[in-house]
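> What follows is a predicted protein model with its sequence.
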Amino acid sequence: MNRETVLIKIDGNEISVPRGTTILQAAEKLGIHIPRYCYHPALTTVGSCRICQVEVAGAPGPVIACHAQAMDGSEIFTDTDLVRRVRSGVMEFLLLNHPIDCPICDTSGECDLQNYYMTDGKHRSRLRHSKIDRTKRKRIGANVVLDQERCILCSRCVRFLASVTGTNEMGFFGKGSESYIDLANGKTLDGNQYAGNVIDLCPVGALTDDAFRFRCRVWYLKRAPSVCPHCANGCNIEVHYNSDLCWKNEGKKIMRIKPRFNPHVNGHWMCDIGRYEFDFAENSTRLGRPLVTRQGGQEEVPWDEALRVAAGRLKGARDDDGSFSIALIPSPGMTNEAAYLLRKVFIDHLGVRTTGFRKGEGGTGGDGMLLRNDQSPNRLGLEIIGCDGPEGGISREEMFRQVGEGKFKVLVFFQDLIHSVPPADLVGFESKGAEFIIVLASNTSPFTELADLVLPVSPWTEDNGTWVNWQGRVQWVTPVLPPIGYSRNTAEVLAMLGDMMGIDVSDGESTATFDRLAREVKEFSGLSHENLKEYGAALNGAALNGAATNGTASSGYRGSGEKPTND
């Protein structure tokens, strides 16, 4: 036997694991789930809840699987009469003072206390005294609500705030049966950009999300994998949306966003900006149809008419005054597929020489964990594909200044689909420096109100394509919902515009466009949507910007890189 590994048997299944592997981790490798409350793969192990006890041949009593290491030659049993009795006793202890309010608890349906009671509890309460009263519905952060009476003292939240964010806002108080968790020293979670993670960590209903509370029962939710659009880190997320059965959806589908594990990018966590700022995708400012400005104001027109107008203006400006008469401002929030088609249409065909897109704009520093200063999800992708033009990009602000001075006949502006509009950026629009302004946007804004032609494009929740994060990792953004109204994703619009101008481009279908991109741009060579599915893949040939390969060091994340279990 290799000194670095041990051979053990769990429920009759033999497995070799690295020395130092815990029994719980070894069982997970075999697909055997051992209940747990306090254990989390990215937090320090404390072994306090005791629900994970198993039987080990020759041991004097049950052992804690999350803490005990697998010893060479040991035989372990996870489902014996002794194990079931021990777990039932733990459940009875945890439920002594727990309220029986499952029908009104917001965590009902995804609560480990419920789940394990049905498998390891099923006992009648022997409590003969009144349950201890605890504080209910205490707001401890902008979106975090604490119900102390539901807390089982697993300490996950306390350990996260101590060892991951290092902010220590919560702690234990009291002794024995009077113990409880609360805010420490008058602190709150208001200033913590990662506070929402304590809600994900809570295995019961003690910490709930005020933005989600009582909006939808979890069994009505569908889940779709995606990537956060709010900065260059590209944290992996899961979008939870209702299936039309939720009674209080207020006409909206997206109910909440949760982090999705990726050991190379964000580990188990995400920031609160990405968690809560998604309302723009479904609010009343969404654009549903193309708009053309005529006498009397803006009016809706069919897509084919809008594209004919755009193609005519662009070809006319180039033919009359040359490619220098067209100003182009891409959005570093567009997908690589859209960026590739933008380059084909505007730079390769129309001959645009420079764009309002500057490399590295926004910087790459961050907060030491996940957030990056660059608030764009795909700036690096646009740089590599060449969307800055052969003469190099200038800042968006400089391009707006030049537009205001009347240097261009046509301005094509891809509005940032995520962030608010800086007032200074409106200067070039308000002075009407260009004869014709085309805006591609998902929502109304001062830009769309001043535009001559508005083309409604889908936000990231309805888009299909890829982004490159600051590390050089290519990740697939899959659509969560169908487009609202008659909006279309940016790549499809550019493909239709190219077709209208007689350019040989794809039809905008995401997979086919990415395959063409991978054949033409060497950094994407060998990549396809298929091999990006789980964790994405690094750009071909180089580990750009210190891209992480074995965990999360480059993002500043301080937790484990271990793949999650059923927490």
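Thanks, I have it.

> Check which element follows the helix or strand bottoming out on mean pLDDT in the chain along the chain.
Least confident element among the helices and strands of the chain, by mean pLDDT, DSSP states H and E: helix 427-430 (a mean of 62). Under the assignment DSSP states H and E, the closest C-terminal helix or strand after helix 427-430 is strand 436-441.

> List the strands paired with that next one, with their directions.
strand 410-414 (parallel), strand 453-456 (parallel) (DSSP bridges).

> next helix or strand past that strand?
Beyond strand 436-441 in the direction of the C-terminus, DSSP H and E gives the next helix or strand as helix 446-450.

> Buried residues of that following helix, list them for me.
Under the neighbour-count criterion of 16 or more other Cβ atoms under 10 Å, helix 446-450 has 447, 448, 450 buried. Yep, even glycine has a C-beta here, placed from its N, CA and C like the rest.

> what residue lies at the spatial centre of this protein?
Nearest to the mean C-alpha position of the chain, by Cα atoms, centre = their mean, lies residue 237 at 2.8 Å.

> Over to that one: give its phi and psi.
Per-residue torsions, residue 237: phi -130, psi 170 (degrees, to the nearest 10).

> Mean pLDDT, mean neighbour count and distance to residue 437 for the strands paired with strand 436-441 - can I get that in TSV?
As requested, those are exported to TSV (pLDDT from 0 to 100; neighbours: other Cβ atoms under 10 Å; distance: least, Cβ to Cβ, whole Å):
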stretch	mean pLDDT	mean neighbour count	distance to residue 437
strand 410-414	93	26	5
strand 453-456	96	26	7
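
> how about these in CSV, adding distance to residue 42?
Formatted as CSV, the strands paired with strand 436-441 follow (distance: least, Cβ to Cβ, whole Å):
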stretch, distance to residue 42
strand 410-414, 37
strand 453-456, 41
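
> closest to residue 277 out of the ones you listed?
Evaluated over these, closeness to residue 277 peaks at strand 410-414, with 19.8 Å, by Cβ to Cβ.

> who's in contact with the closest one?
Strand 410-414 is contacted from outside by 313-314, 317, 325-331, 334, 342, 346, 403, 428, 433-441, 447, 451, 490, using Cβ atoms under 8 Å, 6 or more residues apart in numbering.

> any chance you could map the helices in the stretch 401-550 of the chain?
427-430, 446-450, 490-500, 510-520 (DSSP state H, counting those that start in this stretch).

> Most tightly packed of the ones you listed?
helix 490-500 (a mean of 25; mean count of other Cβ atoms under 10 Å).

> from the chain's centre, how far out does that helix sit?
28 Å (Cα atoms, centre = their mean, to the nearest Å).

> Likewise for stretch 265-282?
5 Å.

> So what would you say the end-to-end distance of it is?
Distance across stretch 265-282, first residue to last, is 27 Å (Cα to Cα, to the nearest Å).

> what's the average pLDDT for it?
Here stretch 265-282 scores 93 as its mean pLDDT.

> Pull out the buried residues from it.
Quick answer for stretch 265-282 (16+ other Cβ under 10 Å): 265-278, 280-282.

> what's the answer for stretch 164-183, then?
Residues 164, 165, 167, 169, 170, 171, 181, 182, 183 are the ones in stretch 164-183 that count as buried (16+ other Cβ under 10 Å).

> Just the closest of these to residue 28, please.
Closest to residue 28, out of all of these and judged by Cβ to Cβ, is residue 164, at 21.5 Å.

> My read is that the closest one contacts residue 43, right?
Yes - counting by Cβ atoms under 8 Å, residue 164 does reach residue 43; the two are 7.5 Å apart.

> who touches residue 498 in this structure?
341, 344, 345, 349, 504, 505.

> Can you say which of those are buried?
The neighbour count (16+ other Cβ under 10 Å) marks 341, 344, 345, 349, 505 as buried among those.

> if we can go back for a sec, how about the helices of the stretch 401-550 of the chain, which one is nearest residue 6?
Nearest of the helices of the stretch 401-550 of the chain (Cβ to Cβ): helix 510-520, 43.3 Å.

> so residue 437 makes contact with residue 454?
No - in this structure, residue 437 is not within contact of residue 454 by Cβ under 8 Å, at 9.3 Å.

> Buried among the contacts of strand 410-414? Need that as a selection in PyMOL.
Here is the PyMOL selection string for the buried members of the contacts of strand 410-414, based on 16+ other Cβ under 10 Å:
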select buried, resi 313+314+317+325+326+327+328+329+330+331+334+342+346+403+428+433+434+436+437+438+439+440+441+447+451+490
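
> Let me know the secondary structure of residue 338.
Three-state assignment for residue 338 (DSSP: H, G, I helix; E, B strand; the rest coil): helix.

> wait, residue 324
Once three-state DSSP is applied, residue 324 turns out helix.

> Which residue, other than its chain neighbours, is closest to it?
Nearest non-adjacent residue to residue 324, counting by Cβ to Cβ, 6 or more residues apart in numbering: residue 353, 6.5 Å away.

> May I have the secondary structure class of that neighbour?
Taking three-state DSSP as the rule, one finds residue 353 in the coil state.

> residues near it, how many?
Neighbours of residue 353 under the rule other Cβ atoms under 10 Å: 14.

> again, but for residue 32
So residue 32, with other Cβ under 10 Å, has 17 neighbours.

> confidence score at it?
We have a pLDDT of 96 for residue 32.

> Mind checking what secondary structure it has?
Once three-state DSSP is applied, residue 32 turns out coil.

> What helix or strand is residue 181 located in?
Element membership of residue 181 [criterion: DSSP H and E] is strand 180-183.

> Name the next helix or strand downstream of that strand, please.
Downstream of strand 180-183, the next assigned helix or strand under DSSP H and E is helix 197-201.

> If you count contacts, what does that following helix end up packed against?
With contacts taken as 3 or more Cβ pairs under 8 Å, 6 or more residues apart in numbering; DSSP states H and E, helix 197-201 sits against helix 156-159, strand 207-209, strand 254-259.
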